[in-house]
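**Q** build the 3D model from these lines:
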Amino acid sequence: MSMLGIDYEKIIRKTDRLIIRPMQKEDFLIVKENLDEQGSQKNKYDEEEIEFVHNYTEEVFEKHLKASREYSTNDNAYTFKVFKKSDGKYIGGIIIKTIQRKNFQWSEIGYWLLNQYWGNGYGSELIKAGIDIAFKELGFHRVEAQINLDNIASQRAAENAGMELECIRKGFIYEFGEWTDNMVYMINNIEDTKH
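**A** The predicted structure follows:
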């Protein structure tokens, strides 16, 4: 349980096609199998997941499991795996990071989808579920996503999930050998009146 009384291990969201929940020890084989089934790299944004396959051992999985539990206990971040309802296949994940609590209740959402599942609307479906978790289970008022200027698919997924473009942060993140600009998409919990 987190320092805020959030029972992370019990958070589960089901959508029409997906199940979103914290990773469990018995997930190793299904996650590994679906990582192995990825196609070749489709763009620079799936490089990390493809490279991850070669180093994905049970020991690495257990370290991630332990870290995700520690992060949630300290209210730093909440990581969820995403599975297809129809066949239980692992297709991606969500991370909801605490930026600031107190008067802000501000979080960041990150998400990933294995490339064999691109183009099926899963991205916006898992983002919507992540936003719902952030608002209803984790008590955040604001959720934002930072997205590269050339990552059109991620921008569309965020928009389809109800997020709005707020601004462009200049030189925001160091990646691909340079400081890059990011678009900031956001959504506020309009039902939140307690803070």
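
**Q** which ones are touching residue 127?
**A** With contacts taken as CB atoms under 8 Å, 6 or more residues apart in numbering, residue 127 has the following neighbours: 94, 109, 111, 145, 157, 158, 160, 161, 163. C-betas here are computed from N, CA, C, even on glycine.

**Q** next step: these restricted to strands.
**A** Among the contacts of residue 127, the members falling in strands are 94, 109, 111, 145 (criterion: DSSP state E).

**Q** dump those residues into a markdown table; add distance to residue 85, pLDDT and neighbour count as well.
**A** Compiled in a markdown table, those are given as follows (distance: CB to CB, whole Å; pLDDT from 0 to 100; neighbours: other CB atoms under 10 Å):
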| residue | distance to residue 85 | pLDDT | neighbour count |
| --- | --- | --- | --- |
| 94 | 16 | 97 | 22 |
| 109 | 21 | 98 | 26 |
| 111 | 18 | 95 | 23 |
| 145 | 24 | 98 | 23 |
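
**Q** hmm, which two among the contacts of residue 127 are most spread apart?
**A** Within those, 94 and 160 form the most distant pair, 15.3 Å apart (CB to CB).

**Q** looking at the protein, which helix or strand does the model trust least?
**A** Scoring the helices and strands of the chain by mean pLDDT, DSSP states H and E places helix 47-54 at the bottom, with a mean of 65.

**Q** Provide the partner residues of the residue nearest the centre of the chain in its beta bridges.
**A** The chain has residue 94 as the residue nearest its centroid, 1.8 Å off, counting by CA atoms, centre = their mean. Applying DSSP bridges to residue 94 gives these bridge partners: residue 80, residue 111.

**Q** that one contacts residue 130, doesn't it?
**A** Yes. Between residue 94 and residue 130 there is a contact at 4.2 Å, judged by CB atoms under 8 Å.

**Q** thanks again, I'm all set now.
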